[in-house]
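Student: Structure for this input, please:
(one chain, ligands or ions: 2)
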Amino acid sequence: MLKNNDKLTVIHIDMDAFFAAVEQQADPSLRGKPVIVCGDPGGRGVVSTASYEARKFGVRSAMPVREARRLCPHAILVRGRHSLYEEISRRLLSLYSKYTPVVEPFSIDEAFLDVSGCERLHGDAIQIAGKIKTEIRESFGLTCSMGIAPSKLLAKMASDMQKPDGLTVIRYEDVEDVIWPLPVRKLYGVGEKTAQILEALGISTVGALAKTPVELLVEKLGEAGRLLRNLASGIDNSRVNPSLWEMPKSIGHETTLAEDSDDEGFILSCILYLSQQVGRRLRQHGLVARTVTLKLRYSDFTTLTRANTFSFFTSLDEDIYQTAKRLFLHHWNRRRRIRLVGVTVSNLSSKDDFMHQLALFEEDEKRRRATDAMDKVRDKFGEDAITRASLIQRGKRAKNGRAGRTEGGYTV
Ligand code: TTP
Ligand code: MG
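Tutor: Ligands and ions are numbered 1, 2, ... in the order given. Here you go, the predicted model:
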């Protein structure tokens, strides 16, 4: 077991029945009652969440509203108000940031806090958690469940152990007693499909997963098997990443061609150049992306955007380029000349977040290293120091002035 630093530094906060609790707080007549928040109370949609009073009857998130009404006929159905929940989510983040600057939002109602170094001002992690709990109750009338641990993984698993209004501490030395007996699907990162594969191998608990030979897991699950085995042993070196708070929603570059063009090779060389710019900015920010969007503007100013979403996260120029290229070849109306091309990535996430490494395992290690090396040279010698051979060949004209103006942008 990993025991190098057993200090409790990470707090994971998960609000209880978030949307429903906000509604109960806003309307006192809903308090203490079974409340179901959904998109359309009269329609055929699904449940967003249910108050704990409604959960007693078996109502759950993602269940069809019709079924929820059958299970709990006296429940009060409320139409969700997302902008209100987002506003409260933002205000909660700023409450957390009074205690530590290292706050990573994880979902609309979850966040990780790294409180190492905050003891002098606010006390240890357990004291800080208590203060935050009190403040959330007093300022928002809401409850939350907290996990406190030496790592994100354990903090996240801890916050789930006592709900609602819980506060659970897990140390590395507790992993065998507390984490290992759990069903394997309770381990972060084990989804339905993975659980089925593991269960077919006779691995039904987290402890059994931790003790399974890594070779077998890699054979059945690829590199994700190695990572999951580490997680099952409590090994997680990911850090709380505060930059995710300010994380842009997308990163894009576009270029207006000096002359409208229908030269496929030339336009592809521009797309390659833009993909490299975007990939580089992603890596500079320590981010990875799942969606690539290509933008084309024709000479009559009509504009087309087409996107593709991967099943994995990447920050590689090659993945971005190949996707943008496919979109281009598929959607370009060859009879029309192009005046602007843009490449944007979105669905961003932090590169070193273990929560996403499971998706990242598909990234090719060799290509990743090659890209890292190119970035190092560019850092030292500037942007133009390395250009891929195909860009040099196809893009000579781009360099000779036809490529026009390039602009980069972030969307926050
Ligand atoms: P969760 O934290 O998963 O759920 P919760 O806060 O309602 O309940 P718990 O006490 O178990 O933490 O999700 C946060 C909010 O996200 C939830 O209030 C509503 C929304 N949500 C959906 O809209 N659909 C879903 O399927 C889920 C899981 C959540
Ligand atoms: Mg919650």
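Student: Residues of the stretch 101-250 of the chain that sit close to ligand 2?
Tutor: Contact residues (CB under 5 Å from the ion) of the stretch 101-250 of the chain with ligand 2: residue 109. The way it works is simple: take the backbone N, C-alpha and C, and place the C-beta from them, glycine included.
Student: quick one: the strands in the stretch 101-250 of the chain?
Tutor: 103-107, 110-114, 144-149, 167-169, 250-261 (DSSP state E, counting those that start in this stretch).
Student: Name the nearest residue to residue 26, ignoring sequence neighbours.
Tutor: Among residues not flanking residue 26 along the chain, residue 84 sits closest, at 7.5 Å (CB to CB, 6 or more residues apart in numbering).
Student: no no, residue 296
Tutor: residue 304 (4.8 Å).
Student: And for residue 20?
Tutor: The shortest distance from residue 20 to any residue other than its chain neighbours is 4.0 Å, reached at residue 51 (CB to CB, 6+ apart).
Student: okay but the one you found is in contact with residue 34, surely?
Tutor: Yes - between residue 51 and residue 34 there is a contact under CB atoms under 8 Å: 6.0 Å.
Student: Just want to check the distance between the residue nearest to residue 20 and ligand 1.
Tutor: Going from residue 51 to ligand 1 by CB to the nearest ligand atom, to the nearest Å gives 9 Å.
Student: next one: residue 335
Tutor: For residue 335, the distance to ligand 1 equals 45 Å [CB to the nearest ligand atom].
Student: Can you report phi and psi for that residue?
Tutor: The phi/psi pair for residue 335 (degrees, to the nearest 10) reads phi -80, psi -10.
Student: Determine the set of other helices and strands touching the helix or strand harbouring residue 22.
Tutor: Using DSSP states H and E, residue 22 maps to helix 18-26. Using 3 or more CB pairs under 8 Å, 6 or more residues apart in numbering; DSSP states H and E, the elements in contact with helix 18-26 are strand 35-38, strand 47-50, helix 82-96.
Student: Name the residue closest to the centre of the chain, please.
Tutor: With distances taken as CA atoms, centre = their mean, residue 349 lies nearest the centre of the chain, 4.7 Å away.
Student: Can you tell me the strand partners of the strand or helix carrying that one and which way each runs?
Tutor: Using DSSP H and E, residue 349 falls within strand 338-350. Paired with strand 338-350 in the same sheet, following DSSP bridges, are strand 250-261 (antiparallel), strand 287-298 (antiparallel).
Student: out of residue 51 and residue 34, which sits in the more crowded spot?
Tutor: Taking neighbours as other CB atoms under 10 Å, residue 51 and residue 34 compare with residue 51 leading, 27 against 23.
Student: which residues sit in contact with the more buried one?
Tutor: Residue 51 is in contact with 17, 20, 21, 24, 30, 33, 34, 35, 36, counting by CB atoms under 8 Å, 6 or more residues apart in numbering.
Student: and it, how far is that from residue 36?
Tutor: 8 Å (CB to CB, to the nearest Å).
Student: what's the overlap in contacts for those two?
Tutor: residue 20.
Student: Can you give me the buried ones in the longest helix along the chain?
Tutor: Taking DSSP state H as the criterion, the chain has its longest helix at helix 264-284. Residues of helix 264-284 classed as buried: 266-283 (neighbour count, 16 or more other CB atoms under 10 Å).
Student: What does the pLDDT read for residue 365?
Tutor: Per-residue pLDDT puts residue 365 at 56.
Student: swap in the one 5 residues further on?
Tutor: At residue 370, the model reports a pLDDT of 64.
Student: now residue 347
Tutor: Looking at residue 347, its pLDDT stands at 84.
Student: Same question for the one 10 residues further on.
Tutor: Reading off the per-residue confidence, residue 357 sits at a pLDDT of 55.
Student: how many other residues sit next to the residue nearest to residue 201 when sequence neighbours are not counted?
Tutor: Setting aside the residues directly before and after it, residue 201 is nearest to residue 220 in space (CB to CB, 6+ apart), at 6.7 Å. Counted by other CB under 10 Å, the residues lying close to residue 220 total 16.
Student: Hmm, residue 197 and residue 220 touching each other?
Tutor: Yes - in terms of CB under 8 Å, residue 220 counts as a neighbour of residue 197; the distance is 5.7 Å.
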